[in-house]
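Novice: Just to be clear, the model below is a prediction. Sequence and coordinates:
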There are 2 protein chains.
Amino acid sequence: MRPVSPKQQEIREREQAILDLAQTMLLEQGDQGLSMDRIADEAGVSKGTVYQHFASKEDLLAALAVRSAGIRAELFERAATFKGTTRERMSAIGAAAELFFTLFPHHEHAEHAFKASSHAQKVPAERISAMETCHFRCFGAATGIARDAVAKGELVLREGQSVEQICVGLWNLHMGAFLMRDLETFIDIPAITDPVPLLFANAQALLDGFGWQPLSTQHDYVAARARAVAELFPKEAKAAGRS
Amino acid sequence: MRPVSPKQQEIREREQAILDLAQTMLLEQGDQGLSMDRIADEAGVSKGTVYQHFASKEDLLAALAVRSAGIRAELFERAATFKGTTRERMSAIGAAAELFFTLFPHHEHAEHAFKASSHAQKVPAERISAMETCHFRCFGAATGIARDAVAKGELVLREGQSVEQICVGLWNLHMGAFLMRDLETFIDIPAITDPVPLLFANAQALLDGFGWQPLSTQHDYVAARARAVAELFPKEAKAAGRS
DNA sequence: CCATTTTTTTGACGCTTCGTCAACTTCCTG
DNA sequence: CAGGAAGTTGACGAAGCGTCAAAAAAATGG
């Protein structure tokens, strides 16, 4: 009984439609303007049906976070396949993170809500482990590249350093940039215009600080980034460009 | 009529008591378990009285965020007075951020809630500008040091770089580390134990990447950090240590 | 094609929480 | 101490979450 019945197919599509709807609402008004009654209304179903898909409002937000996190994991894994030096490959991951950051501006918010409510047991364990898998895939893509770099001697670990620590540093830098955009901190500082090139420059500085060869003074990583985007993420870049 | 009447004094103290209460609740159960009724109850006043102090639940959270942000600004400004090289002074700011991070684990959450609700106009404009002032003070302390470093030639700006961009990078790195702790991302990775030394190491790597002299290979910044904490933040470090 | 069972959908209902406001109490001043 | 100002109260309306018995739709079988 594997072939999905038309009814089951319909239910599956409706779930995605509800998520799309919730995503739009989140973007337009934040989670203040997101109510289960309104979602049911606009989706053209009753509230009970929405609760057939999601255990709670928090679970719906969590499902949204998991969906975008899955796309991020996919982007990261694609970035890891980039043909180039280990540092170019890591820069491709950075490009993936920046694209994701542009394409899913709501994600940071959703993930924050996710953790707050999963801690209060409003989210089924299954959903939590799905999110952990996404994180694991992202982090695995990055640490894999770092390990290759160590093996090739392009990255030499210092006392007490590990590939995990280096990847956490990069991850933190990116998450912080996401957060700053969401919180609109320092929005008025004239020296800061577009957050994406700024983030890229800072990530390169951090890689330089780790001594990851070849350094940014010896190689044009802006060009490498452009090549990675063109080869790996043409569609995503186009979508990010026109939104 | 400047001398505060005993009644006014009592009201002022009650406001702080309510904030303390809210802070405790936030830490214990997140903002799920934070209700205005419960706060009124435990503070021994009626709900109407609580609303005399705060325009809404969101405003209360915002007031909490502003209070801790003010303490952070004070810590940053104190750190900027550290006697040492410009890079040692910037490391002292890092130490201040780490102490704050330990002393006010709820802050990131409160600030997130702050922005979400200020955007929905649930928070009075006066409170928003108070928060902006705190950010401005923190950022000003950091950029001031960076400017000194440029003046002394210990930091040489490259093409397209500015002190603001460098400080934003450091800020992002720290915010990301805060966020990661709150979200409990990668909590299971064995290579990552204590987030504070990890953050410090990554911040030093970023400073190295910016070429801020003297580099961490030439100077012991762990020792400098310890001296800064001992000289500037003995009480705070003690509080952070036993909690 | 109809009867029966299973699955899915519905929306009214109970419950909780926010924020208000008219009535009440306490405080201050002449 | 009288009377007005300042502060406090808690019942109330509104809104949202999640439930569940009943209704509707779909699947199954004779």
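Specialist: Right, received. Where do you want to start? Source: prediction; values computed, not measured. Numbering: from 1, shown residues only, chains lettered A, B, ... in the order given.
Novice: Contact residues of chain A facing DNA strand C?
Specialist: Contacts of chain A with DNA strand C, taken as CB under 7 Å from any atom of the strand, map to A:7-8, A:11, A:14, A:45-49, A:51-52. Where C-beta positions appear, they are placed from N, C-alpha and C, glycine not excepted.
Novice: can you rerun that using 6 Å?
Specialist: For chain A, the residues in contact with DNA strand C (CB under 6 Å from any atom of the strand) are A:11, A:45-49, A:52.
Novice: Only the buried subset of the residues you listed, as a ChimeraX command please.
Specialist: Buried members of the residues of chain A next to DNA strand C, defined by 16 or more other CB atoms under 10 Å in any protein chain shown, are picked up in ChimeraX with:
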select /A:45
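Novice: Rebuild the residues of chain A next to DNA strand C as TSV, extending it with secondary structure.
Specialist: Compiled in TSV, those are given as follows (DSSP: H, G, I helix; E, B strand; the rest coil):
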residue	secondary structure
A:Ile11	helix
A:Val45	coil
A:Ser46	coil
A:Lys47	helix
A:Gly48	helix
A:Thr49	helix
A:Gln52	helix
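Novice: Let me know the helix or strand that the nearest residue to A:His109 once chain neighbours are set aside is in.
Specialist: Spatial nearest neighbour of A:His109, chain neighbours left out: A:Asp182 (6.3 Å); criterion: CB to CB, 6 or more residues apart in numbering or on different chains. Per DSSP states H and E, A:Asp182 falls inside helix A:163-183.
Novice: Which other helices and strands does that helix contact?
Specialist: If you count contacts as 3 or more CB pairs under 8 Å, 6 or more residues apart in numbering or on different chains; DSSP states H and E, helix A:163-183 packs onto helix A:86-103, helix A:107-119, helix A:125-152, helix A:195-210, helix B:107-119, helix B:163-183, helix B:195-210.
Novice: between those, which gets nearest to DNA strand D?
Specialist: Closest to DNA strand D of these, according to CB to the nearest atom of the strand: helix A:107-119, at 8.6 Å.
Novice: Other residues contacting the closest one?
Specialist: Helix A:107-119 is contacted from outside by A:26, A:30-31, A:56, A:58-59, A:61-62, A:64-66, A:68-69, A:72, A:100, A:123, A:127-128, A:131, A:175, A:178-179, A:182, B:30-32, B:109, B:112, B:116, B:179, B:182-184, using CB atoms under 8 Å, 6 or more residues apart in numbering or on different chains.
Novice: likewise stretch A:9-29?
Specialist: For stretch A:9-29, contacts defined as CB under 8 Å, 6+ apart pick out A:4, A:33-34, A:38-39, A:42-43, A:45, A:50, A:53-54, A:60-61, A:63-64, A:67, A:105-106, A:109-110, B:120.
Novice: just the CA coordinates of that stretch, formatted as PDB?
Specialist: What follows is stretch A:9-29, C-alpha atoms only, in PDB (Å, rounded to 0.1, in the frame of the first residue of the first chain):
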ATOM      1  CA  GLN A   9      -1.600  13.400  -1.600                       C
ATOM      2  CA  GLU A  10      -4.000  16.200  -1.000                       C
ATOM      3  CA  ILE A  11      -3.300  16.200   2.700                       C
ATOM      4  CA  ARG A  12       0.400  16.400   2.000                       C
ATOM      5  CA  GLU A  13       0.000  19.300  -0.300                       C
ATOM      6  CA  ARG A  14      -2.200  21.100   2.200                       C
ATOM      7  CA  GLU A  15       0.500  20.800   4.800                       C
ATOM      8  CA  GLN A  16       2.900  22.600   2.600                       C
ATOM      9  CA  ALA A  17       0.300  25.200   1.700                       C
ATOM     10  CA  ILE A  18      -0.300  25.900   5.400                       C
ATOM     11  CA  LEU A  19       3.500  26.200   6.000                       C
ATOM     12  CA  ASP A  20       3.700  28.600   3.000                       C
ATOM     13  CA  LEU A  21       0.900  30.700   4.500                       C
ATOM     14  CA  ALA A  22       2.500  30.700   8.000                       C
ATOM     15  CA  GLN A  23       5.800  31.800   6.400                       C
ATOM     16  CA  THR A  24       4.200  34.700   4.600                       C
ATOM     17  CA  MET A  25       2.400  35.800   7.800                       C
ATOM     18  CA  LEU A  26       5.600  35.600   9.800                       C
ATOM     19  CA  LEU A  27       7.400  37.700   7.300                       C
ATOM     20  CA  GLU A  28       4.700  40.300   7.100                       C
ATOM     21  CA  GLN A  29       3.800  40.800  10.800                       C
END
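Novice: Run the chain-centre distance for it.
Specialist: 19 Å (CA atoms, centre = their mean, to the nearest Å).
Novice: With stretch A:201-210 instead?
Specialist: 20 Å.
Novice: wait, A:Met131 sits on A:Arg67?
Specialist: No - taking contacts as CB atoms under 8 Å, A:Met131 lies outside contact range of A:Arg67: 10.3 Å.
Novice: ok, these two, which is more surrounded?
Specialist: A:Met131 (22 against 18; other CB atoms under 10 Å in any protein chain shown).
Novice: What average pLDDT does the host helix or strand of A:Ala226 get?
Specialist: Here A:Ala226, judged by DSSP H and E, is contained in helix A:221-232. The average pLDDT for helix A:221-232 rounds to 98.
Novice: Now do that helix: everything it contacts.
Specialist: A:78-79, A:81-82, A:84, A:87-88, A:91-92, A:94-96, A:99, A:200, A:204, A:237.
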